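Chemist: Structure for the following, please:
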Amino acid sequence: MPTACADLIHAAAACHIDFNAAAELRGHRMYIAGVDGCRAGWVAFRVDLASRATTVQVPLDLSPLLRRRPEDLCAMAVDVPIGLLDRPRRFDQAGRALLGQPRGWSVFSPPCRAALQAGTYEQACATNRQRTGMSLSR
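Modeler: Next up is the predicted model:
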């Protein structure tokens, strides 16, 4: 089973969501999806709950999916940071610790609000480092 598939299934279990029961109640196949940003826009990793079959899609626009959820979509997790803080984020730190190395490096923190006002990438990095102790990824 691909790692991303296992991660999604474990995340569902951690939330105590019985997706198989939900699929049976609705009487048809169900899937869960994990979505993350990428250079092309978004990448969506889908897991069919009955077969554990996986598919990957690169939708350029999530708006239609967010406006009207498909009936067979049981849950969707979108990887986006919420909130811009001027200090290290405890949740990001906890996520890095939980994943360990090397996967902990995949948890990145958003920039602090002041870094968004910088005129250059270098200035944004310096501001973010001053406020949070961390630089910015490109």
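
Chemist: and the residue positioned nearest the centre of the chain, what pLDDT?
Modeler: Centroid check for the chain by CA atoms, centre = their mean gives residue 79 as the closest residue, at 2.0 Å. The model reports residue 79 with a pLDDT of 78.

Chemist: ok, so what distance separates it from residue 65?
Modeler: Counting by CB to CB, to the nearest Å, the gap from residue 79 to residue 65 is 15 Å. (C-beta placed from N, C-alpha, C; glycine too.)

Chemist: hmm, back to that, which strand residues bridge the residue nearest to the centre of the chain?
Modeler: Counting by DSSP bridges, residue 79 forms beta bridges with residue 36.

Chemist: Settle this for me: it is touching residue 42, isn't it.
Modeler: No - counting by CB atoms under 8 Å, residue 79 does not reach residue 42; the two are 9.7 Å apart.

Chemist: Find the residues that touch each one of the two.
Modeler: Common contacts of residue 79 and residue 42 (CB atoms under 8 Å, 6 or more residues apart in numbering): 35-36.
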